[in-house]
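1. whatever this is, show me its structure:
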Amino acid sequence: MESRAIKIKSPKNSKISISVIPGHFATNHSHVNYYIDMTSIKHRHAMAYEAAATMAMRYENNTPIDTIICMDGCEIIAAFLAQYLAKSGIMSMNDKSDIAIITPEFNSNGQMIFRDNIQKMVWEKRVLLLVASATTGKTINRSLECIKYYGGSVMGISAIFSAISEMGGIHIDSIFTSSDVPNYQTYLFKDCPDCQQKRKIDAIVNSYGYSKI
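-> As a prediction, the model looks like this:
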């Protein structure tokens, strides 16, 4: 499977790249025709640093941020992003701010929760939601509902890759979009053409990685 990988550089920053593998893949919510490998962006500091710098440009001069809520293992990017947003500058909206970085838990029912000691970092705070990828938008919608429940105000949504442009009336600012991946397609399970033609699934995938079948 890895031999089919294609490297794609971001049109926003040539120092950032992803590998995409064509095939038949199943996510929690859909079937897709590409697995998008974001391992280096999330786990290698040099590319995570570049990703944060690119994301920060959208917010640093016009959006106050108190808390970054991370999904999909994006904590390294979030730390660099907070550093960029809090840097001193004439136009900076977050000059010398102490931005919190938190990740929700999931209870036994699969619901997103924040423990009592973390809730104060969400309640009446201006929140930036950071995700690795968005295909159908269900994870983002679930996150928005959770943040609203705990009293936070979402000021923006950032993603490494997004196949959708907005959710809940909020623009999704992403480093890569589906237009960067040739013929990227996502389907409901019942509408997947590979399933209809009885082609086997190559792997189960999510924002953390893949497991071959």
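2. make sure Tyr59 is indeed in a helix.
-> No. According to DSSP: H, G, I helix; E, B strand; the rest coil, the state of Tyr59 is coil, so it is not within a helix.
3. which residues does it contact?
-> Ile65, Leu85, Met93, Leu128, Met155, Gly156 (CB atoms under 8 Å, 6 or more residues apart in numbering). Backbone N, C-alpha and C define where each C-beta goes, glycine included.
4. quick check, Asn94 in a strand?
-> No. Asn94: not assigned to a strand; according to three-state DSSP it is coil.
5. give me the neighbour count for it.
-> 23 (other CB atoms under 10 Å).
6. what sits against it?
-> Contacts of Asn94 (CB under 8 Å, 6+ apart): Glu60, Pro64, Ile65, Leu85, Ala86.
7. check the gap between it and Ala82 for me.
-> From Asn94 across to Ala82, the span is 9 Å (CB to CB, to the nearest Å).
8. could you do Gln196 as well?
-> The value you get for Gln196 to Ala82, if CB to CB is used, is 46 Å.
9. so the two - more neighbours on which side?
-> Neighbour totals were compared for Gln196 and Ala82, and Ala82 leads with 22 against 10 (other CB under 10 Å).
10. in three-state terms, label that one for me.
-> Per three-state DSSP, Ala82 ends up helix.
11. tell me the contacts of the closest residue to it other than its chain neighbours?
-> With sequence-adjacent residues excluded and distances taken as CB to CB, 6 or more residues apart in numbering, Ala82 is closest to Ile99, at 4.0 Å. By CB under 8 Å, 6+ apart, the contact set of Ile99 is Ile65, Asp66, Thr67, Ile68, Ala82, Leu85, Ala86.
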